[in-house]
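Asks: just the structure for this:
(chains A and B)
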Amino acid sequence: MPRSPLPGFRLALGLTLAYLGVIVLLPLAALVLETRGMGAARFIAVVTGDRALAAFRITVLAALAATALNAILGLALAWALVRYEFPGKRLLDALVDVPFALPTAVAGVALTALFAGNGWYGSVLEPLGVKVAYAPLGIVVAMAFTSLPFVVRSVQPVLQDLTGDYEEAAETLGAGPWRIFRSVLFPEIFPAFLAGCSLAFARSLGEFGAVIFIAGNQPFRTEIAALLVFIRLEEYDYQTAAAIATVLLAAAFLMLLVTNAIQLWRLRYGRPS
Amino acid sequence: MSRQARPRVGDSLLARTLIIGAAVSIAALLIGGPLAVIFSEAFRAGFGPYLENLATPDTRHAILLTVATALVAVPVNTAFGIAAAWAIAKFEFRGKGLLTALIELPFSVSPIVAGVAYLFVYGAQGWLGPWLLDHGIKVMFAYPAIVLASLFVTAPFVAREILPLMQAQGSAEEEAALTLGASGWRTLWSVTLPNIRWALLYGVVLTNARVMGEFGAVSVVSGNIRGVTNTLPLQIELLYHDYNSAGAFAAATVLAAIALLTIVAKIIVERNEPARAG
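Replies: Below you'll find the model as predicted:
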């Protein structure tokens, strides 16, 4: 029993558990149990079917590419926001939150309008042979947009807390700027950086709204796994939809475990800030 | 922020110019561009047509349905967030880490997966769907399902904003209030909530933005019935696929404006609570 003089433990915990049970766990249990009716052999056949495999491959590859892009862009943004003073810095900081606040469907139509052949970006890129809208690259752009803030917001506070002592010591010992970054600064921000990347990757795996507008949604080419679930549902093929959705759910659990493991590692080996 | 006198890594003019230039270009192209194109497309034909697009019956109905969803989902998830944060921040118990992870679970689950999961509970073949239908309660492809899906997707937001703050503040003030004879509810209302008011406000605003903008989960459970169960994001999709680009972007400006207001709220909150972490 909790040793606290405050009241309300049973009520607060009871409400929390009951609510999570009804709103979160009950539906997820119903989804997973729906696949039990089909048997293991059929489940495996369904989720390793040609179209499903192609959808998983496209989803994972695009999410990896988007995360790699965000790792670089996010680091540059966090670095600029913490280490430099320049006009418009506050505006830049606020802009980083836009992808979290903007509904994914709105992001989807906006990105499609920008990158379509007659759009502001598309009209420049397509003559150069770079096709983004209705192509695999569009999926990467949409995923990168919706998960852009994760790396920035993970790295920013850690970069902020660096005191500069190690940096100074390294410089006294004769290390150049690149060496100091590689051997002193980057190891310090690495756990936070990794946590941000894993959050961005998890978000990209499940992204739907922003992607379906720009992707073109051709089976085997630009069809993501979440969309295939949706298509199977519309065909009333509920078991297949449940099976593919269960794989996505398992991936989400796995990413949650990875992210939590990174956070624990951070707490254990990171410098107390 | 105090500027440090000693030179630091990346302080050379070349590094500064390159990194600031890169950061500003990324933000302008990847974030500023999409925002600008929404308003540019919406107002392409001028202000009059823009208003006409917003005033079409289906879009008006979508706006009302979206507001009606938020009016239920936001207070419910606010109450949940406060209850969860109270239990986790003020007490020690076994399984606390697991509970915290469970609250964050909806963040990692694809909205499509959430929508499908609800179908297997409340749909015609679901666990509860047939029984509910026999008793004249239609959940799936109707308003209740839209609210339920929104509750799932936004469950973590309030708890996540206020929990770190409540943990950092401890329980000393609450204990003092109780010693002075205040009831538990009075303590929550007059001591705890005022202490976390800015974080709570931001959690509520963020929940609201996410409820109003939720697309994937609602798309599965609403049935997409034109003028009946279309929320604003679904209406945007419908107009867009009808090649009514002006109408779609007019509807999109409403949600974009809510997103921008959410960010303004965040700035106000951070200004009032400079010690807030994250």
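Asks: residue contacts, whichever residue of the stretch 1-150 of chain B sits closest to chain A?
Replies: Using CB to the nearest CB, the single residue of the stretch 1-150 of chain B nearest to chain A is B:Ser110, 2.9 Å away. (C-beta placed from N, C-alpha, C; glycine too.) Neighbour list for B:Ser110: A:Leu205, A:Gly206, A:Glu207, A:Phe208, A:Ala226, A:Ala245, A:Leu248, A:Leu249, A:Ala252, B:Gly216 [criterion: CB atoms under 8 Å, 6 or more residues apart in numbering or on different chains].
Asks: where does the chain dip in pLDDT?
Replies: Using chain A. Scanning chain A for pLDDT under 70 picks out A:1-3, A:269-273.
Asks: that answer is for a different chain, and I need it for chain B
Replies: Using pLDDT under 70, chain B drops low at B:1-7, B:274-278.
Asks: walk me through the domains of it.
Replies: Domain ranges of chain B: B:1-42, B:46-272, per automatic domain parsing.
Asks: return the most buried member of the ones you listed.
Replies: domain B:46-272 (a mean of 20; mean count of other CB atoms under 10 Å in any protein chain shown).
Asks: for that one, the distance to its chain's centre please.
Replies: 5 Å (CA atoms, centre = their mean, to the nearest Å).
Asks: and the contacts of B:Ser110, which are buried?
Replies: A:Leu205, A:Gly206, A:Glu207, A:Phe208, A:Ala226, A:Ala245, A:Leu248, A:Leu249, A:Ala252, B:Gly216 (16 or more other CB atoms under 10 Å in any protein chain shown).
Asks: nearest residue to the residue of the stretch 1-150 of chain B closest to chain A other than its sequence neighbours?
Replies: Once flanking residues are discounted, B:Ser110 sits nearest to A:Gly206: 2.9 Å by CB to CB, 6 or more residues apart in numbering or on different chains.
Asks: do the same with A:Leu205
Replies: Using CB to CB, 6+ apart, the nearest residue to A:Leu205 is A:Ala63, at 5.0 Å.
Asks: about what we covered before: reformat the buried ones among the contacts of B:Ser110 as CSV; add secondary structure and distance to A:Ile139.
Replies: Below are the buried ones among the contacts of B:Ser110 laid out as CSV (DSSP: H, G, I helix; E, B strand; the rest coil; distance: CB to CB, whole Å):
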residue, secondary structure, distance to A:Ile139
A:Leu205, helix, 12
A:Gly206, helix, 13
A:Glu207, coil, 9
A:Phe208, coil, 11
A:Ala226, helix, 11
A:Ala245, helix, 19
A:Leu248, helix, 15
A:Leu249, helix, 21
A:Ala252, helix, 18
B:Gly216, helix, 15
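Asks: let's have those residues in JSON lines, adding distance to B:Ala55.
Replies: Output for the buried ones among the contacts of B:Ser110, formatted as JSON lines (distance: CB to CB, whole Å):
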{"residue": "A:Leu205", "distance to B:Ala55": "39"}
{"residue": "A:Gly206", "distance to B:Ala55": "35"}
{"residue": "A:Glu207", "distance to B:Ala55": "32"}
{"residue": "A:Phe208", "distance to B:Ala55": "29"}
{"residue": "A:Ala226", "distance to B:Ala55": "33"}
{"residue": "A:Ala245", "distance to B:Ala55": "38"}
{"residue": "A:Leu248", "distance to B:Ala55": "39"}
{"residue": "A:Leu249", "distance to B:Ala55": "41"}
{"residue": "A:Ala252", "distance to B:Ala55": "40"}
{"residue": "B:Gly216", "distance to B:Ala55": "28"}
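Asks: so residue 151 is in which element?
Replies: In the absence of a named chain, this looks at chain A. According to DSSP states H and E, A:Val151 maps onto helix A:136-161.
Asks: meant chain B, my bad for not saying
Replies: helix B:143-154.
Asks: that helix packs against which elements?
Replies: Counting contacts by 3 or more CB pairs under 8 Å, 6 or more residues apart in numbering or on different chains; DSSP states H and E, helix B:143-154 packs against helix B:57-90, helix B:96-108, helix B:111-122, helix B:197-213, helix B:216-222.
Asks: of all those, which lies closest to A:Thr48?
Replies: helix B:111-122 (18.8 Å; CB to CB).
Asks: that closest one packs against which elements?
Replies: helix A:26-34, helix A:186-206, helix A:225-234, helix A:238-269, helix B:129-134, helix B:143-154, helix B:216-222.
Asks: apply 6 Å and report the result again.
Replies: helix A:26-34, helix A:225-234, helix A:238-269, helix B:143-154, helix B:216-222 (3 or more CB pairs under 6 Å, 6 or more residues apart in numbering or on different chains; DSSP states H and E).
Asks: mind listing what the residue of the stretch 51-200 of chain A found nearest chain B touches?
Replies: The stretch 51-200 of chain A approaches chain B most closely through A:Pro103 (2.6 Å), counting by CB to the nearest CB. By CB atoms under 6 Å, 6 or more residues apart in numbering or on different chains, the residues touching A:Pro103 are B:Gly213, B:Pro233, B:Leu255.
Asks: does the most far-flung residue of chain A relative to its centre count as helix, strand or coil?
Replies: Residue farthest from the centre of chain A, counting by CA atoms, centre = their mean, is A:Pro5 at 40.7 Å. A:Pro5 falls in the coil class when you classify it by DSSP: H, G, I helix; E, B strand; the rest coil.
Asks: got the contact list for the helix or strand following the helix holding B:Leu151?
Replies: Sequence order places helix B:156-169 as the next helix or strand after helix B:143-154, per DSSP H and E. Defining contact as CB under 6 Å, 6+ apart, one finds that helix B:156-169 is touched by B:77-78, B:81, B:84-85, B:89, B:103-104, B:106-107, B:195-196, B:199-200, B:202-203, B:206-207, B:277.
Asks: cool, stretch A:148-155 as well?
Replies: A:70-71, A:74, A:77-78, A:96, A:99-100, A:189, A:192-193, A:195-196, A:199-200.
Asks: if I look at the closest residue to A:Lys131 other than its chain neighbours, how far off is A:Leu205?
Replies: Take A:Lys131 and drop its neighbours on the chain: the residue closest to it by CB to CB, 6+ apart is A:Leu137, 6.8 Å away. With distances taken as CB to CB, to the nearest Å, A:Leu137 is found 18 Å from A:Leu205.
Asks: secondary structure element holding the closest residue to A:Trp120 other than its chain neighbours?
Replies: Leaving aside its sequence neighbours, A:Trp120 sits nearest to A:Leu114 (CB to CB, 6+ apart; 5.5 Å). Using DSSP H and E, A:Leu114 sits in helix A:104-115.
Asks: these two touch, right, B:Ile26 and A:Leu75?
Replies: No. Assessed by CB atoms under 6 Å, B:Ile26 is found out of contact with A:Leu75, at 11.0 Å.
Asks: using the three-state scheme, assign B:Arg271.
Replies: helix.
Asks: who are the contact partners of residue 139?
Replies: Answering for chain A, as no chain was given. Per CB under 6 Å, 6+ apart, neighbours of A:Ile139: A:Ala62, A:Val211, A:Ala215.
Asks: that was the other one, I meant chain B.
Replies: Contacts of B:Val139 by CB under 6 Å, 6+ apart are B:Tyr122, B:Leu132, B:Ala145.
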